[in-house]
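A.B. asks: A predicted structure for the sequence below; I have some questions about it.
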Amino acid sequence: MGVRIFGTGSYIPEKVLTNFDFQNMVDTSDEWIRTRTGIVERHIAPPEMSSGDMAISAARRALAMAGLQGSDISAVIVATTTPDHVFPNTASLVQVAIGAENAFGFDLSAACSGMIYSLELAYSLLLQKKYRYVLLCGAEKLSSITNYEDRNTCVLFGDGAGAVILGRCDDDNSGQLASDLHINGDYEDILKLPAGGSRNPATHETVEQKRHTIHMQGKETFKLAVNAMAGACKAVLDESGVDVGDLKLVIPHQANKRIIEAVAHRINVRDDQLFINVDKYGNTSAASIPICLDEAFRSGRLQRGDMALMVAFGAGLTWGAQLIRV
Ligand code: ACO
């Protein structure tokens with residue numbers, strides 16, 4: 001028995017914010033953003049659209065690709081940093097919208113590493129016979145927690161959602177080949193949303209001080225991200241005995257093209273193996289890897305039986321890699 005990907009889907013909101021749009025909002029330039037991040041544009045959801053709405057659209061597309069109904073799904077996991085509400089969870093909104101009447105579900109909070117963590121859970125769940133298909137969504141409305149007066153952060157983030165359906169299959173070779181997951185709270189302050197939780201509940205002051213938006217020490221995050229992601233990639237390659245040259249695709253979390261290229265360089269990934277779409281969407285946190293997976297499948301860059309290495313790094317700190325045969 002193996003586990004494979006049966007369907008993927010994504011949803012990208014229509015509205016585009018280009019680097020040139022930011023030139024009218026903060027002291028920045030298209031040239032600075034392009035050369036420092038690789039980002040050219042990002043998509044922004046309209047005010048009435050939530051992370052859950054985007055997850056539902058992505059999930060419906062994944063179900064259609066898989067040829068499944070909502071009632072076939074045994075578990076719904078939504079990785080998000082921008083849930084619709086503190087409670088109920090966003091997974092319950094997805095569950096009811098797709099008619100997943102036989103599922104249990106929950107949200108997973110691991111920032112940009114959400115899909116790497118979710119995959120670990122999905123592969124573990126599917127070892128049990130009572131679970132048949134697991135729906136993973138990564139969905140973010142980062143525009144709802146971005147301070148558009150802070151040039152250090154506002155140019156980096158975008159909105160979107162991706163979904164992946166994993167299920168058991170007869171092919172023993174398909175499945176998780178290796179994984180390497182980490183969490184380390186020593187650096188919780190370099191990347192955080194300071195207010196709005198139980199430590200600093202919302203007050204007029206927290207709103208005025210924009211403490212409900214992303215606060216980030218970019219340079220520090222950059223260095224930690226490169227080291228951690230390269231380390232996780234090496235760990236899964238070592239554990240599996242897979243040669244990096246045999247991978248069909250390496251799908252890194254899309255935060256910054258320079259981070260992606262630095263990691264690729266350290267593990268000797270060829271250009272044709274590297275999946276990059278940060279230019280189109282910016283950093284969509286937990287949504288970035290499932291959006292990449294969906295684009296990779298739909299464009300034929302990834303096909304059944306291929307090996308793919310996914311790697312991410314985010315607030316927490318959280319980081320990790322998954323090496324799978326899809
Ligand atoms: N336009 C123009 N100048 C800018 C901008 C901007 N948009 N943003 C920052 N600058 C300035 C800074 O103020 C600084 O100026 P100073 O030297 O006068 O102080 C200068 O540019 C250089 O800033 P650095 O921080 O050194 O720039 P760096 O090359 O490190 O790039 C960046 C900054 C893009 C943020 C980079 O550090 C980065 O990508 N970090 C990682 C971000 C990340 O991966 N986040 C991950 C997870 S997000 C999550 O989990 C939700």
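C.D. replies: Cool, got the structure. Numbering: from 1, shown residues only.
A.B. asks: And the pLDDT for the residue nearest the centre of the chain?
C.D. replies: Centroid-nearest residue in the chain: A286, 2.6 Å away (criterion: CA atoms, centre = their mean). Per-residue confidence (pLDDT) for A286: 98.
A.B. asks: Not counting its neighbours along the chain, what's nearest it?
C.D. replies: Once flanking residues are discounted, A286 sits nearest to G114: 3.2 Å by CB to CB, 6 or more residues apart in numbering. Quick note: C-beta positions are derived from backbone N, CA and C, even for glycine.
A.B. asks: and that neighbour, what helix or strand is that in?
C.D. replies: helix 114-125 (DSSP states H and E).
A.B. asks: near the ligand at all, that helix?
C.D. replies: No: Helix 114-125 does not reach the ligand (CB under 6 Å from any ligand atom); its nearest approach is 9.5 Å.
A.B. asks: you'd agree G320 is up against S179?
C.D. replies: Yes: look at G320 against S179 with CB atoms under 8 Å: they come within range, at 6.8 Å.
A.B. asks: Overlap in contacts, the two.
C.D. replies: Each of I116, E120 lies in contact with both G320 and S179 under the rule CB atoms under 8 Å, 6 or more residues apart in numbering.
A.B. asks: Which one of those two is surrounded by more residues?
C.D. replies: When neighbours are counted by other CB atoms under 10 Å, G320 and S179 differ, and G320 comes out ahead with 26 against 21.
A.B. asks: Surely E239 and Q176 touch.
C.D. replies: No: assessed by CB under 8 Å, E239 is found out of contact with Q176, at 10.7 Å.
A.B. asks: tell me, what's touching these two both at once?
C.D. replies: Common neighbours of E239 and Q176 (CB under 8 Å, 6+ apart) are L323.
A.B. asks: Which one's more surrounded, the two?
C.D. replies: Just comparing E239 and Q176: by other CB under 10 Å the higher neighbour count belongs to Q176, 20 against 14.
A.B. asks: what pairs with the more buried one across the strands?
C.D. replies: When bridges are called by DSSP bridges, Q176 pairs up with I324.
A.B. asks: do the same with the one 4 residues further on
C.D. replies: Beta-bridge partners for D180, by DSSP bridges, are A321.
A.B. asks: ok, now which ones touch it?
C.D. replies: G231, A232, A235, V236, E239, G320, A321.
A.B. asks: so who does T284 touch?
C.D. replies: R42, G138, E140, L142, F157, G158, D159, G160, Q254, I291.
A.B. asks: Out of those, give me the two with the largest separation.
C.D. replies: The most widely separated members of the contacts of T284, counting by CB to CB, are R42 and G138 (15.8 Å).
A.B. asks: out of the two, which sits in the busier spot?
C.D. replies: Set R42 next to G138 and count neighbours by other CB under 10 Å: G138 wins out with 35 against 30.
A.B. asks: Stretch 149-166 - what's its average pLDDT?
C.D. replies: 98.
A.B. asks: roughly how far is it from the heart of the chain?
C.D. replies: Relative to its parent chain, stretch 149-166 has a centroid offset of 9 Å by CA atoms, centre = their mean, to the nearest Å.
A.B. asks: Quick check: buried residues in that stretch?
C.D. replies: The neighbour-count check on stretch 149-166 (16 or more other CB atoms under 10 Å) flags 151, 153-166 as buried.
A.B. asks: and those near the ligand, which?
C.D. replies: Among those, the ones lying near the ligand by CB under 6 Å from any ligand atom are R151, V155.
A.B. asks: what's the closest of the buried residues of stretch 149-166 to T80?
C.D. replies: A161 (8.7 Å).
A.B. asks: three-state assignment of that closest one?
C.D. replies: The three-state assignment at A161 reads strand, by DSSP: H, G, I helix; E, B strand; the rest coil.
A.B. asks: same deal with T81?
C.D. replies: Going by three-state DSSP: T81 is coil.
A.B. asks: Wait, it touches A111, no?
C.D. replies: Yes: with contact defined as CB under 8 Å, T81 reaches A111; the gap is 5.3 Å.
A.B. asks: I'm done for today, thanks for sticking with me.
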